[in-house]
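Peer 1: With the sequence up front, the predicted model follows.
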Amino acid sequence: MSHFSCIKTSIKSLKILQKTLEDLKFTYSIKKSYLKNGNGELEYVDIIAQKENNDILGFLWNGEEYTFIADLELWQDKIPVQNFIEKILQQYALNSIIKESHNAGFQEIQKETLQDGSIKLIVQRWI
């Protein structure tokens, strides 16, 4: 039976979430809307992310952070949904670090994805 799964995240910045979705090749709409599950039930979301013109997942702002919302029964991506959520959180963390590094005057020198999936980021600042 199809139903929505809501997963709490630590995502707080809309701009960094937008960059993260773009990095992961999603299009998105920032508008109060509804996501439909396999049973035709609707769930309110603030952001809908699409792939190939299909509404895949949504994010709901709770006043402090975004909640990830998806119908896991309809999940048809090549990677398991848990791995995908981890990928979103990893990319969001990377984008947060890069933004804060730039704000502190650092430049990105190198970014490399290692065999274990972790990301090595090198930044520097000239004094």
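Peer 2: Ah, there it is.
Peer 1: ok, residue 39 - how many residues close by?
Peer 2: For residue 39, the neighbour count with other C-beta atoms under 10 Å is 12. In this view, the C-beta of every residue, glycine as well, is placed from N, C-alpha and C.
Peer 1: Would you check that my belief about it contacting residue 4 is correct?
Peer 2: No - contact between residue 39 and residue 4 fails when scored by C-beta atoms under 8 Å: they sit 9.7 Å apart.
Peer 1: element containing residue 120?
Peer 2: strand 119-124 (DSSP states H and E).
Peer 1: Show me where this structure dips below the pLDDT cut-off.
Peer 2: The chain contains residues with pLDDT under 70 at 1-2, 73-78.
Peer 1: repeat that with 80
Peer 2: 1-3, 37-39, 54, 71-81 (pLDDT under 80).
Peer 1: Okay, strands next: where are they in it?
Peer 2: 4-8, 27-36, 42-51, 54-61, 66-71, 107-113, 119-124 (DSSP state E).
Peer 1: And stretch 28-42, what's buried?
Peer 2: For stretch 28-42, burial by neighbour count (16 or more other C-beta atoms under 10 Å) applies to 28, 35, 37.
Peer 1: Just give me the neighbour total for the residue lying closest to residue 123 once chain neighbours are set aside.
Peer 2: Closest residue to residue 123 apart from its sequence neighbours, by C-beta to C-beta, 6 or more residues apart in numbering: residue 106 at 4.0 Å. By other C-beta under 10 Å, 16 other residues sit near residue 106.
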